[in-house]
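**Q** sharing a sequence plus its predicted fold:
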Amino acid sequence: MAELSIRPIPAVRTHDLRRRVLRAGDPRPEAVCFVGDDRPDTVHLGAFAGTHLVGVATWMVEPVPAVVPGLAGRPGLRLRGMAVEPWWQGQGVGRALLAAGMARAHGRVVWCHARDRAIGFYERAGWQVVGDGFVTEATGLPHHLMVAGPLEPGARLTAPDRQAGPAPG
Ligand SMILES: CC(C)(COP(=O)(O)OP(=O)(O)OC[C@H]1O[C@@H](n2cnc3c(N)ncnc32)[C@H](O)[C@@H]1OP(=O)(O)O)[C@@H](O)C(=O)NCCC(=O)NCCS
């Protein structure tokens, strides 16, 4: 794995990677601004190789959605905007960003809306799919809700069709 340092960055520094990796083809300025980006308890993490920003992830304090049996409404930490520079993908940057964010959970349940193409990445880290798939309006892409760590008994897991290999930007 490459030598990396992970540290907080201002929201605006996430925009370039969000644009190129997550919102390619959507030129609207607001496409890379997420509701909650500017909340004081939101943390944006950047992964740096030297001085070069090669990955970003945003962590927002948001309760666990109602569709997660046993955990609904519990204090949560939501991951958004996980994006690794395309030529740095597959080298441990995403894993390092995930670990750094989860270290800030402090007992909260960590969750996200994962692109189906990225489900395998989260599963490698012990996350689990919950409930049915859906397509987000912002991307038009299939997603599933995922939760980090073991789920309580009764949580409904699914096994969606998925593509193998790293997700393209
Ligand atoms: C998904 C993404 C964040 C993963 O980051 P990354 O730096 O490429 O992943 P890492 O190199 O840290 O991979 C960690 C592990 O997950 C695996 N992995 C990575 N992406 C995967 C994928 N899409 N599907 C299945 N496994 C994947 C790696 O093979 C590695 O496995 P290992 O533990 O056996 O070595 C990155 O590829 C990316 O930005 N993709 C495009 C945007 C995207 O889909 N973002 C997620 C939105 S929910």
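**A** The structure has been received and is ready for your questions. Numbers count the residues shown, from 1 in each chain.

**Q** which residues in the protein form strands?
**A** 5-8, 43-49, 52-61, 76-84, 109-115, 127-135, 142-148 (DSSP state E).

**Q** what are the phi and psi angles of D37?
**A** phi -50, psi -40 (degrees, to the nearest 10).

**Q** correct me if wrong: it contacts A11.
**A** Yes: look at D37 against A11 with C-beta atoms under 8 Å: they come within range, at 4.3 Å. For every residue, glycine as well, the C-beta is placed using N, CA and C.

**Q** who touches both of those two?
**A** Counting by C-beta atoms under 8 Å, 6 or more residues apart in numbering, the residues touching both D37 and A11 are 44, 58.

**Q** OK, contacts around L22?
**A** L22 neighbours (C-beta under 8 Å, 6+ apart): 32, 81, 83, 139, 169.

**Q** again, but for L79
**A** 57-59, 98, 101, 110-112.

**Q** can you tell me how far it is from the ligand?
**A** Note on L79: its distance to the ligand, by C-beta to the nearest ligand atom, to the nearest Å, is 8 Å.

**Q** again with L141
**A** 9 Å.

**Q** how close does the closest residue to that residue other than its chain neighbours get to the ligand?
**A** In this structure, L141 finds its nearest non-sequential neighbour in R115, 5.5 Å apart by C-beta to C-beta, 6 or more residues apart in numbering. The spacing between R115 and the ligand, counted by C-beta to the nearest ligand atom, is 4 Å.

**Q** mind listing what R115 touches?
**A** 139, 141-143, 167.

**Q** before we move on, what about P10?
**A** H44.

**Q** buried residues of stretch 26-41, list them for me.
**A** 31-32, 34, 37 (16 or more other C-beta atoms under 10 Å).

**Q** please read the previous query as pertaining to stretch 102-122.
**A** Buried residues in stretch 102-122 (16+ other C-beta under 10 Å): 102, 108-119, 121-122.

**Q** this structure against the ligand: which residues are in contact?
**A** 21-22, 82-84, 89-95, 114-115, 117-118, 120-121, 124, 166-167, 169 (C-beta under 6 Å from any ligand atom).

**Q** can I get the contacts of R115 in TSV including pLDDT?
**A** Listed next are the contacts of R115 as TSV, based on pLDDT from 0 to 100:
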residue	pLDDT
T139	94
L141	96
P142	98
H143	98
A167	35
